[in-house]
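*Asks:* Got a sequence here, can you model it:
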Amino acid sequence: MNVSFHAIDCCCRAASVVDVLEKEASKYHFLHVLYGTKVTTLDYLNASNARDGQESFNVGVMMGGEESVLHCDRVIFATGSSRIGFDIVASLGHSIETPMPSLFSFKISDNRLTSLSGSSNKFTRVRLILPKETQSALAQSGAVVSPQSMSSLTQRGPLLITHAGVSGPAVLRLSAFAAKILFALRYKCIVEINWLGDMKIQELLIHFLQYKEEYPNRSIGRAFPTLSARLQQLVANELHADEFHFDSYTTLESSSLAAPDTCESNNENHGIMSRRIWQYLLERAGIAGDAKWSSIPNNLLQILVNQICHCRFDIAGRGLYRDEFVTCGGVSLREVNMDRMESKLIPGLYFAGEILDIDGITGGYNFQSAWTTGFLAGNSAGLSFR
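*Replies:* Now for the predicted structure:
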């Protein structure tokens, strides 16, 4: 896993994984790779219908503009999220959980926010807001929201502002856990962002009031007020583990992200919030950036604190088509022997990768799923001849 991930991380090309696999495959003289070949049909021949009395398959393919049939003893389906793969497997009697995007960014129609494209927020809590009436509508569509699943609708980690909305590990993870819900809602709902992780409103308000008393003549837009060590720990609660994932994500997502413009020139806040995001939140709260702390009434500070800890946006859709990283849904796992990745319905038929109803969060888990299921399927298919 580490080797494959670093191959992408170093050269920023997912095709590097394909290059590695092709190079490995070339070592085996008995392995033939057919390029420019499209699978069109798959017919299963049970023992009673086969000429040799053995279960086998006829695979219809299109090669060089001509139709042909390949006779196979075993078939491993690793067609990813290809529609034709799902259609062929369904024609053999397998159930397909509705395929839908997972690991995608959120589109937000807020020009002030998207003007900050390239800015990132290291410690963020992102939560999907589902009012009672929305939950009722989801229940009617079959997408029941259980108390257990509600906890997964809050995710923590780094956030990246894009030209179209928000992305980054926290958003991608939320989209994975809420993929079916967002699909049912046509990607129209409310997301709430706490720009300071697990910071509580009352804690932050007290901090702002103390800062106002201590530095009355400072311009509020100059910098996000330095947090005490205790409050910094509250912000960073349970988020340090995401730093590696964020570094890897930003390498893949953009080769030229703006450097964090931390608020204090001496970096006292350790990158808690960038100056651009801080000034954006001041604007949302109706506070002029050149205003002095002493001139800001407490009720406006309360509004500012609410904007920081409970900043809500209408999700206008997901990222552009094919921006998603993986597909949720696929061949039902109830119909697959997971020890061998073999179909429970059709002996000799195996599955690997994204064609299965398996999807993971960011951090290499989907790659690992592909490698693991591929190894199991290939190994099991080979051993079945013994």
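*Asks:* any low-confidence regions in the stretch 1-150 of the chain?
*Replies:* Scanning the stretch 1-150 of the chain for pLDDT under 70 picks out 1-14, 47-53, 133-150.
*Asks:* Helices along that one, start to end?
*Replies:* In the stretch 1-150 of the chain, the helices defined using DSSP state H, counting those that start in this stretch lie at 2-11, 15-25, 83-91, 111-114, 132-141, 147-151.
*Asks:* show me the contacts for the spatially most central residue of the chain.
*Replies:* For the chain, the residue nearest the mean C-alpha position is residue 103 (2.4 Å; C-alpha atoms, centre = their mean). Listed by C-beta atoms under 8 Å, 6 or more residues apart in numbering, the contact partners of residue 103 are 172, 175, 176, 324, 325, 326, 359, 361, 362, 366. Every C-beta, even on glycine, is put in place using the N, C-alpha and C of the backbone.
*Asks:* Listing request: residues of the stretch 151-300 of the chain with sub-threshold pLDDT.
*Replies:* 151, 237-271.
*Asks:* now the strands for it?
*Replies:* With strands called from DSSP state E, counting those that start in this stretch, the stretch 151-300 of the chain shows them at 154-161, 165-167, 189-194.
*Asks:* okay, now the domains of the chain?
*Replies:* In terms of domains, the chain is parsed into 2-101+326-383, 104-324 (source: automatic domain parsing).
*Asks:* In JSON lines: those, plus mean neighbour count.
*Replies:* JSON lines is the format used below for those (neighbours: other C-beta atoms under 10 Å):
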{"stretch": "domain 2-101+326-383", "mean neighbour count": "15"}
{"stretch": "domain 104-324", "mean neighbour count": "17"}
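*Asks:* still on that earlier bit, relative to residue 36, which of the strands of the stretch 151-300 of the chain is closest?
*Replies:* Shortest distance between residue 36 and the strands of the stretch 151-300 of the chain, using C-beta to C-beta, is found for strand 165-167: 34.8 Å.
*Asks:* List the strands paired with the closest one, with their directions.
*Replies:* Partners of strand 165-167 in the sheet, by DSSP bridges, are strand 106-108 (antiparallel), strand 154-161 (antiparallel).
*Asks:* angle of the helix or strand harbouring residue 329 against helix 83-91?
*Replies:* In this structure, residue 329 sits in strand 326-331 according to DSSP states H and E. Orientation of strand 326-331 against helix 83-91 (axes from the mean of the first three to the mean of the last three C-alpha atoms, to 10 degrees) gives an angle of 20 degrees.
*Asks:* just so I know, which of the strands paired with strand 165-167 lies nearest residue 42?
*Replies:* Nearest to residue 42, of the strands paired with strand 165-167 and by C-beta to C-beta, is strand 106-108 at 37.7 Å.
*Asks:* chain center to that closest one: distance?
*Replies:* Averaging C-alpha positions (C-alpha atoms, centre = their mean, to the nearest Å) puts strand 106-108 14 Å from its chain's average.
*Asks:* Having no further points to raise, I will conclude here.
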